[in-house]
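Colleague: coordinates only, sequence not included:
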């Protein structure tokens, strides 16, 4: 899936199906071009509520999207469903992203900025983020990053989350596994982790869940580790605090 049609930037109407990229488009300065979003697109603030919802990231309402007459739809291989995105290709251009690394995020962020007519703003934002993140840190702690509770699932090594962990000096204990594997409490113990990270999304881990783990653990902001775009800037202070 890719951009199939040329788009007149002067009259561009954008539907974003990726929460972090909706925020990216907004922070670039192109909020007036956003005509549709998912129900999970909640940043940067309450003013985004005025943009019509088109369902969830994996439950897009294709007819509702078509009714908005978009010129461009922003999607992601992992967050969206192939069949729904292909259906949208019948009536608008699709910019499909695939982000598994920090460097890959910056590349795709610039591609989006170029596509929506904010190339220089994209360059400025990305330079700001790179400066704030600094060079990749030396690994100094081993962690397991949970993404689901029942069944217990963690982030594997070929994910954006894993690359963010590594960038900030946190070795992914399950980096040798792919995608989001199921693990057991015994596997966690054998992994010899220093800490288990329990994020606020996709499963919303709470204080009450911490007692289920016999290992040291910590609640963290899931957006800081799994969102790219301008959230990489907004969450920078939290990342520093977590890994410090």
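Modeller: Looks like it arrived, so ask away. Because the structure is a prediction, the values reported are computed rather than measured.

Colleague: for the helix or strand hosting residue 126, packing partners?
Modeller: Using DSSP states H and E, residue 126 sits in helix 119-133. Here helix 119-133 touches helix 102-115, helix 231-234, helix 236-243, going by 3 or more Cβ pairs under 8 Å, 6 or more residues apart in numbering; DSSP states H and E. The way it works is simple: take the backbone N, C-alpha and C, and place the C-beta from them, glycine included.

Colleague: Isn't residue 143 up against residue 198?
Modeller: No - counting by Cβ atoms under 8 Å, residue 143 stays clear of residue 198, with 10.7 Å between them.

Colleague: could I get the helices and strands packed on helix 119-133 as a markdown table with distance to residue 46?
Modeller: Output for these, formatted as a markdown table (distance: least, Cβ to Cβ, whole Å):
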| stretch | distance to residue 46 |
| --- | --- |
| helix 102-115 | 24 |
| helix 231-234 | 16 |
| helix 236-243 | 21 |
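
Colleague: what's the weakest-modelled helix or strand in this protein?
Modeller: Every helix and strand in the chain was compared by mean pLDDT, DSSP states H and E; the lowest is helix 236-243, with a mean of 89.

Colleague: what sits in contact with each of residue 143 and residue 198?
Modeller: Residues within reach of residue 143 and of residue 198 at once, by Cβ atoms under 8 Å, 6 or more residues apart in numbering: there are none.

Colleague: Show me how the chain divides into domains.
Modeller: 9-132, 141-243 (automatic domain parsing).

Colleague: where's the shortest one relative to the chain centroid, distance-wise?
Modeller: When you say that, I think you mean domain 141-243. 14 Å (Cα atoms, centre = their mean, to the nearest Å).

Colleague: rewinding a little: can you pull the buried residues of the helix holding residue 126?
Modeller: Of the residues in helix 119-133, 122, 125-126, 129, 133 count as buried by neighbour count, 16 or more other Cβ atoms under 10 Å.

Colleague: Okay, angle between it and helix 102-115 too, please.
Modeller: 160 degrees (axes from the mean of the first three to the mean of the last three Cα atoms, to 10 degrees).

Colleague: continuing past helix 119-133, what's the next helix or strand?
Modeller: strand 141-148.

Colleague: partners of residue 172 in the sheet?
Modeller: With DSSP bridges as the criterion, residue 172 is bridged to residue 143.

Colleague: I figured residue 85 was touching residue 76, is that so?
Modeller: No - applying Cβ under 8 Å, one finds residue 85 not in contact with residue 76, separated by 9.1 Å.

Colleague: shared neighbours, the two?
Modeller: Shared contacts of residue 85 and residue 76, defined by Cβ under 8 Å, 6+ apart, are found at 17, 96.

Colleague: For this protein, give me the ranges with low pLDDT.
Modeller: Applying pLDDT under 70 to the chain flags the ranges 1-11.

Colleague: which residues in it form helices?
Modeller: Ranges of helices within the chain are 19-25, 62-67, 82-88, 102-115, 119-133, 160-167, 185-190, 222-226, 231-234, 236-243, based on DSSP state H.

Colleague: re the thing from before, and the least confident helix or strand of the chain with helix 119-133, angle?
Modeller: Angle, helix 236-243 to helix 119-133, by the same axes, to 10 degrees: 30 degrees.

Colleague: Now do helix 236-243: which elements does it pack against?
Modeller: In terms of contacts (3+ Cβ pairs under 8 Å, 6+ apart), helix 236-243 is packed against helix 119-133, strand 217-220, helix 222-226.

Colleague: Select, out of those, the one closest to residue 27.
Modeller: Of all the helices and strands packed on helix 236-243, helix 119-133 sits nearest to residue 27, with 6.8 Å by Cβ to Cβ.

Colleague: Show me what the closest one is in contact with.
Modeller: So helix 119-133 is contacted by 27-29, 102, 106, 109-110, 112-114, 167, 230, 232-233, 236 (Cβ under 8 Å, 6+ apart).
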